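[1] dropping a prediction and its sequence here:
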Amino acid sequence: MVEDFSCANIQVELLVEAQRQTVASGDLALYSAEAFVCETGKCCIDRYQSDLRSIASAWLHPSHIIGTNIGRQGCGLLHGKIERPKLWSAEHPHLYTLVVMLKDPSGNIIDCEACQVGIRQISRRPKELLVNGKPILIYGVNRHEHHPRVGKTNIESCMIKDLVVMKQHNINAVRNSHYPQHPRWYELCDLFGMYVIDEANIETHGFDPSFPVNQRKHPTSEPMWASSMLDRVINMVERDKNHSCIILWSLGNESGYGPNHSASAGWLRERDSTRPLHYEGGGARTTVTDIVCPMYTRVWNIVKIAKDPTENRPLILCEYSHAMGNSNGNIHKYWEAIDSTPGLQGGFIWEWLDQIYNKNFFDTTENLEFVWSLSGDGKDLGTGLMDLPPLEPQKKHTILLVSCPWYSHWVNSSTMEGFIIITAKLIRPTRWAAAGHLVASEQLSLPFRHANAPIILTMSESTRLEGERFENTIRIYKGQDWEMEFDSSTGILQDWKINNFPILKRGLLPCFWRAPTDNDKGGGSISYASQWKDFFLDKLEVHTARCHIEKLTRHVVQIKVTHLLKPKDIEDSLLMKRLSKQTGGSSKLVLVPSDETTPNAKIEGNTDDCKQQEINPFWFKVDIIYWVYGTGDLIVQYNVEPNIELPPLPRVGIEFEIDKTLNYVEWYGRGPFECYPDRKKAAHVGKYKKNVLDMHVPYTVPSENGGRTDVRWVSFMNSEGTGLFASCYDGSAPMQICASYYSTGDLDKATHDKELRQRDTIEVHLDHKHMGLGGDDSWSPSVHEEYLVPPLPYSFHMRFSLINSSSPPCSDIFLTQLPKL
């Protein structure tokens, strides 16, 4: 390829099998070969076509075959040039058809072969991998050949589906892990446009020379293994070398490093100097690799390598963001580093399946339609097209806020919290998507403009409360509209009905446990899951230390409760030992005066009923204040004090169970898909609806799943519009929510998703804090510090409201407040 890419030199190597039925004369030197290249789609050859040159983009000079013996191979070499070639890239996968003809001594065509080829150049310069002279970014995945039903059998429709979904999600590269794959896969990658690392089938993962059964050096250092390793490299290269999609050769996976790698690298560099080499083993920076290609290296370390003045190779992570189960936390941290650090060029997520800035390098935005959508406080405020000039690759276009087409809509609205979403959609179809396909979207938070006073609900005769007591049950109600029951001995809300329909099936309780994810389990004895179970966080039991019930006005009842949580059925001596082990002999206890006075709460008047006991030691002290309003609203304030010796907590929140018919979930927060504190950047804030069943994510091994983060409010309704509204309140941060037909215990116990059985209730979690998922790897605790939930005091408010078909929209309920007393 000449420097300005205006001309491409083509060289074709031929191998000819001399067979008696084909070769009339034994002298192959009398035979010749010719070839031409034409644009794919223009090549239509039949036996009557006389002028092949009319369709050819380039004609390759004829060559005589070297080799004279029948039964042996002959060879030939053809040369030619293409002027102004259309270059192949993942963004523009232009392909040509190469046709090679074998002619007998009389000039008759006796054989003809054709294949599709792309013209492109792979090169390097300091800290950059180049395609056609431009430094690309690798948005890659690792891919195994695996199907859940047919195993390793390759089905073309499945390969096409993989590529379509990859392209639709802006993935541009695949690492064949960890072996050469089906030949048709490479043809499809050429066609669709997908950069590929082709990897030799070499791996010694787990080999330990110290094991007695081995008694040998590592295979990569054993001369007896050199030919076998080289053989696998040679077979890969010779079979796949003509595919333009392959931009890097890999010497294998996790096989240490030794002289045999150097031998394979030497052969490969001699055989194909047009592609750089990739190999992670031996520390990812050995002499056999042209790319620094570590796996699961933390963000701060890849930045450190990229800034190393002695390292001129680009860094591409061969594996990162271990996507086993509910994972991929922190991935945005990697891309913040990649986008801002020269020398970092992307990476390959592990793995493909668990079994306004133009970031393109070759494509303009001419085939994209940009649309804006404005929302405020969960309501749509307007939408329209953006009139933008076409952006050249890697170029930007800046628009001032006051010049934006949505600005007038925003300034004329009365909303407080606003968001703008910019989407880019295809105007014309491609091989991998129809017209209208969403290519990219970005949500921007608009600045708060209004500090409107909240709408305070007024209390009147219609909101007057009534109450009565039966033994340990306190019943609070408003006529026939609604009623709730508290257990005065425990202070737990145990029943709540609207028009005699039971909303609540199990009362509001503090919750600090989640079903461990694969990442939570990674790290053996130091894993998060092991630490949690060492402290029996999955066996917590609620003890009520105090309960104080008081009717403040005719419209409001206040209930104050203190819960103390400790592991169930675990001897205190064992708990003390656990604390001593963690703290080097010191421990923190709670001593509550023991008093077996029988509770004697009344609905009217000022009472102070306490069931006090000694709970020693405790894991959590939770002070709760309930305000019950005649409007059918319940305000809950939680003050949580964890034992400071506990490990990072899975969650801090409230759990309860509701009737199974309340399965229509609507929320205002991030969505529509599952998201968590450290994996939420692609989930836009908006108003979404889903069925409870559809919120469940069927990971192979069940675990915490289906969460939605940054939720301002959520509602659970039946088909008639009756149900429960819940929201953050009084300045508390947005919630993490989850609703499932499976309990946390069900998810924890099951070893496969098929084992789960739906319950007759819906378990709901509303979390003030929820730990991140992690994902830098899956075998060590890898949640970043800012996404941990340390055992510190937490305070938050939530609001619950009964709703029916005549209630105001949830967006309006959220903007109201109850009078403070």
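    That came in fine, so what should we check first?
[2] quick one: the closest residue in space to Lys86 that isn't next to it in sequence and Leu87, what's the gap?
    In space, and not counting its chain neighbours, Lys86 is closest to His94: 4.0 Å by CB to CB, 6 or more residues apart in numbering. C-beta here means a position set from N, CA and C on the backbone, and glycine is covered the same way. Here the criterion is CB to CB, to the nearest Å. By it, His94 lies 6 Å from Leu87.
[3] check Trp496 too.
    From Trp496 across to Leu87, the span is 67 Å (CB to CB).
[4] show me which of those two is the more surrounded one.
    More crowded of Trp496 and Leu87, by other CB atoms under 10 Å: Trp496, with 25 against 19.
[5] which strand residues bridge that one?
    Note on Trp496: beta-bridge partners by DSSP bridges are Met484.
[6] show me what contacts the nearest residue to Asp290 once chain neighbours are set aside?
    Leaving aside its chain neighbours, Asp290 sits nearest to Pro276 (3.6 Å; criterion: CB to CB, 6+ apart). Shown in contact with Pro276 (CB atoms under 8 Å, 6 or more residues apart in numbering): Ile122, Arg124, Leu129, Ile247, Leu248, Trp249, Asp290, Ile291.
[7] mind doing that once more with 7 Å?
    By CB atoms under 7 Å, 6 or more residues apart in numbering, the contact set of Pro276 is Ile122, Arg124, Leu129, Leu248, Asp290, Ile291.
[8] then Ser801?
    Taking CB under 7 Å, 6+ apart as the definition, contacts of Ser801 comprise Gly632, Asp633, Phe725, Ile813.
[9] give me that answer again for 6 Å
    Asp633, Phe725 (CB atoms under 6 Å, 6 or more residues apart in numbering).
[10] same question, Tyr742
    Leu756.
[11] redo that, cut-off 7 Å
    With contacts defined as CB under 7 Å, 6+ apart, Tyr742 is in contact with Leu756, Arg759.
[12] swap in Thr544?
    Ser489, Thr490, Gly491, Val561, His563, Lys611.
[13] let's go with 8 Å and repeat that
    Ser489, Thr490, Gly491, Ile492, Val561, Thr562, His563, Leu564, Lys611.
[14] show the backbone phi and psi for the second one.
    Spelled out, that is Thr490. Main-chain torsions, Thr490, degrees, to the nearest 10: phi -120, psi -20.
[15] most surrounded residue in the contacts of Thr544?
    Counting neighbours by other CB under 10 Å, Gly491 comes out on top of the contacts of Thr544 with 27 neighbours.
[16] so it touches Ala545, yeah?
    No. Judged on CB atoms under 8 Å, Gly491 makes no contact with Ala545 at a distance of 9.4 Å.
[17] quick revisit: out of the contacts of Thr544, who's nearest Thr473?
    Ser489 (9.4 Å; CB to CB).
[18] what ranges does the protein have for its helices?
    Remark: helices assigned in the chain by DSSP state H are 156-168, 183-192, 226-240, 259-271, 299-306, 331-340, 407-411, 518-521, 528-534, 572-583, 692-695, 744-749, 810-814.
[19] least confident of the ones you listed, on average?
    Looking over those, mean pLDDT reaches its minimum on helix 572-583, with a mean of 61.
[20] and stretch 471-480, what's buried?
    Using 16 or more other CB atoms under 10 Å as the test for burial, stretch 471-480 gives Ile474, Ile476, Tyr477, Lys478.
[21] separation between Phe348 and Ile119?
    Separation of Phe348 from Ile119 (CB to CB): 25 Å.
[22] and what of Ile305?
    Ile305 sits 33 Å away from Ile119 when distances are taken as CB to CB.
[23] who has more neighbours, those two?
    More crowded of Ile305 and Ile119, by other CB under 10 Å: Ile119, with 22 against 18.
[24] show me the buried residues of stretch 471-480 that map onto strands.
    Using DSSP state E, the subset of the buried residues of stretch 471-480 located in strands is Ile474, Ile476, Tyr477, Lys478.
[25] just put those in a markdown table and tack on pLDDT and distance to Glu34.
    Formatted as a markdown table, those follow (pLDDT from 0 to 100; distance: CB to CB, whole Å):
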| residue | pLDDT | distance to Glu34 |
| --- | --- | --- |
| Ile474 | 87 | 97 |
| Ile476 | 91 | 94 |
| Tyr477 | 90 | 95 |
| Lys478 | 90 | 94 |
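[26] excluding its backbone neighbours, what's nearest Ile122?
    With CB to CB, 6+ apart as the criterion, Ile122 has its nearest non-adjacent residue at 5.0 Å, and that residue is Ile247.
[27] count of residues packed around the one you found?
    Residues lying near Ile247 (other CB under 10 Å) number 24.
[28] start at 764, not 1
    In the new numbering, first residue 764, that becomes Ile1010.
[29] ok, now which ones touch it?
    Contacts of Ile1010 by CB under 8 Å, 6+ apart are Ile885, Leu892, Val894, Tyr958, Val959, Ile960, Arg1038, Pro1039.
[30] so the third one bridges to which residues?
    With DSSP bridges applied, the residues forming beta bridges to Val894 are Ile885, Lys897.
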